[in-house]
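*Asks:* sequence first, then the predicted structure:
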Amino acid sequence: MTLDYDIIVIGGGHAGCEAAAAAARLGSRTLLLTMDMTKMASMSCNPAVGGVAKGQIVREIDALGGEMGRITDRTAVQFRMLNRSKGAAMWSPRAQCDKTRFSEEWRHTLENTPNLHIWQDAATELLFEEPEKTSSVVAEAQENFCTDVPDPHAKEPESISAANTERGVSPIHRRIRGVRTRMGVEFSCRAVVLTAGTFLDGMMHCGAARAEGGRAGDAASHGITACLQSIGFETGRMKTGTPARLDARSINFEILEPQYGDENPSKFSFSSETEPVKDQMPCFLVYTTPEVHTILRTGFDRSPLFNGTIHGIGPRYCPSIEDKLRTFADKDQHQLFLEPEGRSTNEYYLNGFSSSLPWEVQWEALHKIRGFEDLHIYRPGYAIEYDYFPPTQLYHSLETKLVSGLYFAGQVNGTTGYEEAAAQGLMAGINAHRSLRGEEAIVLKRDEAYIGVLIDDLVTKGVDEPYRMFTSRAEYRILLRQDNADLRLTPLGYKIGLISEKRYAEFLQKKSNVESLVAFAREQSIKASEISDYLKSVGSEPLTQGRKLYDILMRNNVTFESLQKVLPKLRRFIESHNIDVETIEEAEIQIKYKGYIEREKFIAEKLHRLENSRIPDDFDFTSMNSLTIEARQKLNRIRPKTIGQASRIPGVSPADVNVLLIKFGR
Ligand SMILES: Cc1cc2nc3c(=O)[nH]c(=O)nc-3n(C[C@H](O)[C@H](O)[C@H](O)COP(=O)(O)OP(=O)(O)OC[C@H]3O[C@@H](n4cnc5c(N)ncnc54)[C@H](O)[C@@H]3O)c2cc1C
């Protein structure tokens, strides 16, 4: 039993599990300190992973060497590629998972990860020491390339200072040295990743009933928020909610509309370690009615959302059913999805019916839904309020500006969603490990990954409501596709040390196959006669003269898959090179979207110049009178590292950016 670690990860949720697995696999002696080790990466809400933009994030986590994709594949009960009918940038994988198996699979993975210990307990206090003299190796990294090693002499962000003046706290830079637990154990370490999710001073609401807790069945976590506030951290309060869980034996599935998974399901992980799901389970569609709405409205006066009991800000895009009735008062019905929670349980999740109305109102209303006449519910819906830390207090590495060696990831940063949490956990685990070795932080750019967009948005813009990822948040959607996440990120995952030699060899083989198939299409001339019947059959104009296969593939409805049937030389090429479906799809997307891809790359490269224009760490913006007052205040608070980052801060105008460009060089 050791009490001394390189890195301690607090919390075994989606963020904590990825952080602990990454740090330990990279070689840091890591402790995962979590309140209940039987609930690793527990799905507090819906039993699903992925979806629009979130699916892209999971593919990126996998491409970098994180676990979420593989664990999802191993525990999926249904897989769908959403938005297939739209452009490739919008395709988004989503899987229903067996909730219990997901958690078990994570626990199995973590228990078998070298360098990783697990301790079941609650962290109640973080331990600090005053800043040490920066070691020469860190100083060198800082000077040469490291953008994210905190500068102990940097000024405090303005908002933190203001909040602390009110509280009478004078923040000074510190370094983390350990964690104290509820059982009184004191662990020492050199870095901490805090991933306490919805647990910090969590308060659950169901009608007038209130109970402390991190989620139903789990205790709240006390001590950490107060400890961090006492040294100068700013905190806020957010809320989220979940629907009732239903007993399948009491549902009349015969009359419900099923929603099946894909006929040929794909999977999340790019590695050959996992297989697409077999024996898929269906979901079902159900609908609310005016009668259901009338019953729900009888509980509005007791709704903690409406009677002022809940103050935290909720997720705008996951509204409760009572919010939906208020916002869309003229709608007679709302569509709901009935999703299985696993293969070995009768429990079903009712997506779209999140509620904190009194349980008896929820129960009565649910009975009026077609198919639910004899409904039994296992647990009612409820809402939860919890503390979070405004993420502008972080560097892009996810290290806090106030305490060296302390990283935040997941819901504590004001995000919502398993995928957003896992992505941050992975990056915090990687960066905590690297900083202990004096290596530069890994900061993904906005044109490299949705994870880059996520973290840049958090630390640059902050959050005023729970942040979830949307494709619309990304400027370079055509570049950030789910299909090319490995091409974008696996070389980096390999360089970092999270991608094995075997997997990297598989990746290189795929990359080379994509390139040779694209080259084959460029070189091959197709005679008009070879293909005229085929083109007619897919509704495309016949050729008047021979064309390159590449040009033909740019047409609508023309695919490699269908062309193989009419062009024997194409089929022979694919077979002789052993090219699989995923590789063919990738080559086809590169051909069909070439123009869009090149345009986005061009714009991204132009903007890189702003990203490369650095602002000195200790620069005092208040001295720049030509900036607006708002820009000066915001720049002093966020302390952007580059003009690119400054340009994305809300309140910094294009005119302010020009002033910065003149000052720091175009
Ligand atoms: C009621 C409810 C409804 C939700 N609804 C939605 C939704 O509609 N949509 C959506 O996208 N997301 C929803 N979520 C959020 C989703 O569950 C989170 O986004 C996700 O789980 C966050 O992952 P995380 O790793 O940050 O934290 P969590 O998954 O919350 O994990 C936190 C972990 O930290 C541990 N922990 C906490 N404090 C301590 C401590 N002091 N010491 C040791 N261990 C500690 C806990 O035991 C837990 O293992 C909901 C969550 C809840 C509870």
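*Replies:* Received the coordinates, thanks.
*Asks:* low pLDDT regions in the stretch 101-250 of the chain?
*Replies:* For the stretch 101-250 of the chain, applying pLDDT under 70 flags the ranges 130-171.
*Asks:* could you pull out the strands for it?
*Replies:* All strands of the stretch 101-250 of the chain, identified by DSSP state E, counting those that start in this stretch, fall at 116-120, 123-129, 174-181, 186-188, 191-194, 203-206, 209-212, 236-242, 245-247.
*Asks:* get me the contact residues on the stretch 451-600 of the chain for the ligand.
*Replies:* residue 468 (C-beta under 6 Å from any ligand atom). From N, CA and C alone the C-beta is placed, and that goes for glycine too.
*Asks:* quick one: the helices in the stretch 201-350 of the chain?
*Replies:* 224-230, 290-297, 321-327 (DSSP state H, counting those that start in this stretch).
*Asks:* now residue 117. Nearest residue, chain neighbours left out?
*Replies:* Taking C-beta to C-beta, 6 or more residues apart in numbering, and ignoring the residues beside it in sequence, residue 117 has residue 31 as its nearest neighbour in space, at 5.1 Å.
*Asks:* same thing with residue 65?
*Replies:* Looking at residue 65 with C-beta to C-beta, 6+ apart, the closest residue is residue 498, at 2.6 Å.
*Asks:* which parts of this structure sit against the ligand?
*Replies:* Residues of the chain lying close to the ligand (C-beta under 6 Å from any ligand atom) are 10-16, 33-36, 39, 44-45, 122-123, 195-199, 214-215, 221, 224, 240-242, 318, 384, 410-411, 416-418, 421, 468.
*Asks:* do you know the pLDDT at residue 645?
*Replies:* Note on residue 645: pLDDT of 90.
*Asks:* name the residue closest to the centre of the chain, please.
*Replies:* The residue lying closest to the centre of the chain (C-alpha atoms, centre = their mean) is residue 420, at 1.9 Å.
*Asks:* dihedrals phi and psi, that residue?
*Replies:* phi -60, psi -40 (degrees, to the nearest 10).
*Asks:* any weak-confidence spans in this structure?
*Replies:* Looking at the chain by pLDDT under 70, you get 130-171, 666.
*Asks:* residue 469 is in contact with the residue nearest to the centre of the chain, correct?
*Replies:* Yes: contact criterion C-beta atoms under 8 Å: residue 420 and residue 469 qualify, at 5.8 Å.
*Asks:* touching both of the two, which residues are there?
*Replies:* 54, 57, 454 (C-beta atoms under 8 Å, 6 or more residues apart in numbering).
*Asks:* tell me which residue in the stretch 301-450 of the chain sits closest to the ligand.
*Replies:* At 2.3 Å from the ligand, residue 410 is the closest residue in the stretch 301-450 of the chain, using C-beta to the nearest ligand atom.
*Asks:* ok, now which ones touch that residue?
*Replies:* Residue 410 makes contact with 11, 13, 14, 15, 16, 195, 196, 197, 420, 421, 424, 425, according to C-beta under 8 Å, 6+ apart.
*Asks:* change it to 10 Å
*Replies:* 11, 13-16, 18-19, 193-198, 388, 398, 416-418, 420-425, 428 (C-beta atoms under 10 Å, 6 or more residues apart in numbering).
*Asks:* again, but for residue 174
*Replies:* Residue 174 makes contacts with 126-131, 152, 231-232, 400, 402-406, as judged by C-beta under 10 Å, 6+ apart.
*Asks:* rerun that using 6 Å as the cut-off
*Replies:* Applying C-beta atoms under 6 Å, 6 or more residues apart in numbering, we find residue 174 in contact with 128, 403.
*Asks:* residue 71 too?
*Replies:* Contact analysis of residue 71 by C-beta under 6 Å, 6+ apart lists 105, 106.
*Asks:* mind redoing it with 8 Å?
*Replies:* Contacts of residue 71 (C-beta under 8 Å, 6+ apart): 41, 102, 105, 106, 109.
*Asks:* just give me the neighbour total for the first one.
*Replies:* Which is residue 41. The tally of other residues near residue 41 (other C-beta atoms under 10 Å) stands at 26.
*Asks:* that one contacts residue 104, doesn't it?
*Replies:* No: using C-beta under 8 Å, residue 41 is not in contact with residue 104, being 9.9 Å away.
*Asks:* picking that back up, surely the residue nearest to residue 65 meets residue 62?
*Replies:* No: using C-beta under 8 Å, residue 498 makes no contact with residue 62, being 10.4 Å away.
*Asks:* still on that earlier bit, ok, the residue nearest to residue 117 - how many residues close by?
*Replies:* 26.
*Asks:* next, it: phi, psi?
*Replies:* According to degrees, to the nearest 10, the main-chain angles of residue 31 amount to phi -120, psi 130.
*Asks:* ranges for the helices of the stretch 451-600 of the chain?
*Replies:* 485-496, 501-523, 528-537, 549-553, 560-566, 568-576, 581-592, 594-612.
*Asks:* could you dump the ones you listed to CSV with mean neighbour count?
*Replies:* Compiled in CSV, the helices of the stretch 451-600 of the chain are given as follows (neighbours: other C-beta atoms under 10 Å):
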stretch, mean neighbour count
helix 485-496, 20
helix 501-523, 16
helix 528-537, 14
helix 549-553, 18
helix 560-566, 16
helix 568-576, 14
helix 581-592, 19
helix 594-612, 14
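*Asks:* got a markdown table for these, with distance to residue 439 too?
*Replies:* Output for the helices of the stretch 451-600 of the chain, formatted as a markdown table (distance: least, C-beta to C-beta, whole Å):
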| stretch | distance to residue 439 |
| --- | --- |
| helix 485-496 | 9 |
| helix 501-523 | 20 |
| helix 528-537 | 53 |
| helix 549-553 | 42 |
| helix 560-566 | 42 |
| helix 568-576 | 42 |
| helix 581-592 | 31 |
| helix 594-612 | 20 |
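*Asks:* and the protein, what are its domains?
*Replies:* 242-382, 501-596, 613-664 (automatic domain parsing).
*Asks:* kindly check the end-to-end length of the first one for me.
*Replies:* The distance separating the two terminal residues of domain 242-382, taken as C-alpha to C-alpha, to the nearest Å, comes to 6 Å.
*Asks:* how many neighbours does residue 253 have?
*Replies:* The burial count for residue 253: 12, using other C-beta under 10 Å.
*Asks:* for it, give its distance to residue 439.
*Replies:* Per C-beta to C-beta, to the nearest Å, residue 253 is found 54 Å from residue 439.
*Asks:* what does residue 643 give?
*Replies:* Residue 643 is 26 Å from residue 439, by C-beta to C-beta.
*Asks:* neighbour-wise, which of those two wins?
*Replies:* The neighbour comparison of residue 643 against residue 439 (other C-beta under 10 Å) goes to residue 643, with 23 against 18.
*Asks:* tell me the contacts of that one?
*Replies:* Neighbouring residues of residue 643 by C-beta under 8 Å, 6+ apart: 610, 611, 613, 615, 657, 660, 661, 664.
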